[in-house]
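**Student:** Provide a 3D model corresponding to the input given below.
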Amino acid sequence: MLLVIDVGNTNTVVGVYEGENLITNWRLSTERNRTIDEYGILFRNLFTLAKMDSEKITGIAISSVVPPLNFPLTKMSETYFGLTPYFIDYSSDTGMPIRYYPETDVGADRIVNSVAAIERYGAPCIIVDFGTATTFDAVSKNKEYLGGVITPGLNISAEALFQRAARLSRVEIRHPDRVIGETTIGSVQSGLYFGYIGLVDGILRRMIAELGGETKVIATGGLAKLIGRGSELIEEIDDDLTLEGLRLIYERNKR
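**Tutor:** Here you go, the predicted model:
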């Protein structure tokens, strides 16, 4: 079995593959101060609750955008699983040429998302990942990673609004029934939701125009369902895209 770990700035997503099948997954908070043993106990508890044998793990693949956590995750893997993890980055053999300068600036999450999207949906395609930041990644018809767009995530945008506007309190981010809010809460919810959809679709229209052809648009990440269902241009919502990319790249490099 393969253990895959995607470390984001806000959340860490963990999955276990048996062959090509994702048999379980968990979404955790990313804690920069977690120790090696805390990670080890956490993973052992997850396996126990899922009634899975951690000794059946034969490989570990990690994509991380939080470098300080790479060392504790490496030591946790060695100590609690007896395995050296494989970290995916720009230098990994992905089968996807990177046309971005410099290559070292491409986040591992953007690489694994793009590889999985090519495999599942073909090219050209655009992947929108709704995380701490919202990233838009473009893959050409020749299956090359071209680059993309990085914008503040919806939660960051909302938090900035609440911190800088003294009379506005935090609200649930949801799909309002109508655009015109009849209360302050409704007005804020409408602005956050429809405003962000406007941002997403506006960027996508320009990217599709530059890519040309029949460009497939895929969404993933924590808020993919909320925003993706309201978008006019997002065609697929794939919660497991990042984990699938981790599996594909690991298998390509560990043959």
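**Student:** in the protein, which spans are helices?
**Tutor:** For the chain, applying DSSP state H gives helices covering 36-49, 70-76, 108-121, 154-164, 184-211, 224-228, 241-253.
**Student:** lowest average confidence across those, which one?
**Tutor:** Of all those, the minimum mean pLDDT falls on helix 154-164 (a mean of 85).
**Student:** that helix to helix 184-211, inter-axis angle?
**Tutor:** 140 degrees (axes from the mean of the first three to the mean of the last three Cα atoms, to 10 degrees).
**Student:** buried ones in helix 154-164?
**Tutor:** The neighbour-count check on helix 154-164 (16 or more other Cβ atoms under 10 Å) flags 154-158 as buried. Just so you know, the C-beta spots here come from the backbone N, C-alpha and C atoms, and that holds for glycine as well.
**Student:** just stretch 63-83 next, same as before
**Tutor:** Applying 16+ other Cβ under 10 Å to stretch 63-83 flags 63-65, 69, 72-77, 80-81 as buried.
**Student:** what's the answer for stretch 82-101, then?
**Tutor:** Buried residues in stretch 82-101 (16+ other Cβ under 10 Å): 85-88, 90, 92, 94, 96, 98, 100.
**Student:** against residue 212, how distant is residue 19?
**Tutor:** 37 Å (Cβ to Cβ, to the nearest Å).
**Student:** now residue 128. Nearest residue, chain neighbours left out?
**Tutor:** Distance criterion Cβ to Cβ, 6 or more residues apart in numbering; nearest residue to residue 128, sequence neighbours excluded, is residue 219 at 4.7 Å.
**Student:** what count of nearby residues applies to that neighbour?
**Tutor:** 27 (other Cβ atoms under 10 Å).
**Student:** can you give me every residue that contacts the spatially most central residue of the chain?
**Tutor:** Nearest to the mean C-alpha position of the chain, by Cα atoms, centre = their mean, lies residue 221 at 4.7 Å. If you count contacts by Cβ atoms under 8 Å, 6 or more residues apart in numbering, residue 221 has them with 128-131, 134.
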